[in-house]
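**Q** Take a look and give me a structure for this.
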Amino acid sequence: MQPFYVIDRRIRSRVAEALGDTRVVMVMGARQVGKSTLCGSIAEGEHPAASVSMDDQAARETAQSDPVGFLAGFDGPVFIDEVQRVPELILAIKQVVDRDQQSGRFLLSGSANILTSREVQETLTGRIELLRLWPFAQVELEGAGKNLVDGRHHPHGRADSSPRRPPMGYSRQRAMGVIAPISLGAAPR
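**A** Numbers count the residues shown, from 1 in each chain. Presented below is the predicted three-dimensional model:
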């Protein structure tokens, strides 16, 4: 079995920053882009929080039957994964953060945008920051810094603003070094 490691996502610092000044932070994105892994890692690291997944049947049923009571069982910050599975939690979250103005009280993740309904939007207006997690960028997969293209075309990965011609020895093989990772795509395999 290969060891498990987390690929550093560029959005991580934005999530941590949002948790420092906003009561509710939601990381949204398509299925399988790494929302649960990213948020779980943050909840175990720089922003310690209890974690619960609405994929867990017992947790989901408890949250659906008594959302306020469910949230009352947590002291301090909470990471709720797959929150879209229990939309009843949104009003209960509003009630909690209206009483407790602590930043970073809730970190939410979900595949579906539960904020499409007008009622839900109005409920959390001014209390939530929404961040979208996209599939892996090639620079994240390669750990190549901020810009994969600059890293591939400039010596030592440095970019400058002066116009440059491709370096001597630029070849079809080197061009394929850029094209191949792009053609692989960004979704997990």
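**Q** Could you list the domains of this protein?
**A** With domains defined by automatic domain parsing, the chain comprises 12-132, 138-184.
**Q** now these in a markdown table, with mean pLDDT and mean neighbour count?
**A** Where you see a C-beta, it was placed from the backbone N, CA and C, and this is true even at glycine. As requested, these are exported to a markdown table (pLDDT from 0 to 100; neighbours: other Cβ atoms under 10 Å):
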| stretch | mean pLDDT | mean neighbour count |
| --- | --- | --- |
| domain 12-132 | 92 | 17 |
| domain 138-184 | 58 | 11 |
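**Q** would you say V27 is within a strand?
**A** Yes. Residue assignment for V27, taken from DSSP: H, G, I helix; E, B strand; the rest coil, places it within a strand.
**Q** Where does the closest residue to it other than its chain neighbours sit: helix, strand or coil?
**A** Spatially, and ignoring its direct neighbours in sequence, V27 is nearest to S109 (4.7 Å; Cβ to Cβ, 6 or more residues apart in numbering). Following three-state DSSP, the label given to S109 is strand.
**Q** Surely S109 touches V24?
**A** No. Using Cβ atoms under 8 Å, S109 is not in contact with V24; the gap is 11.8 Å.
**Q** still on that earlier bit, tell me the contacts of the residue nearest to V27?
**A** M26, V27, M28, K35, S36, L38, C39, F79, I80, D81, E82, V83 (Cβ atoms under 8 Å, 6 or more residues apart in numbering).
**Q** cool, and V96?
**A** By Cβ under 8 Å, 6+ apart, the neighbours of V96 are L71, R105, F106.
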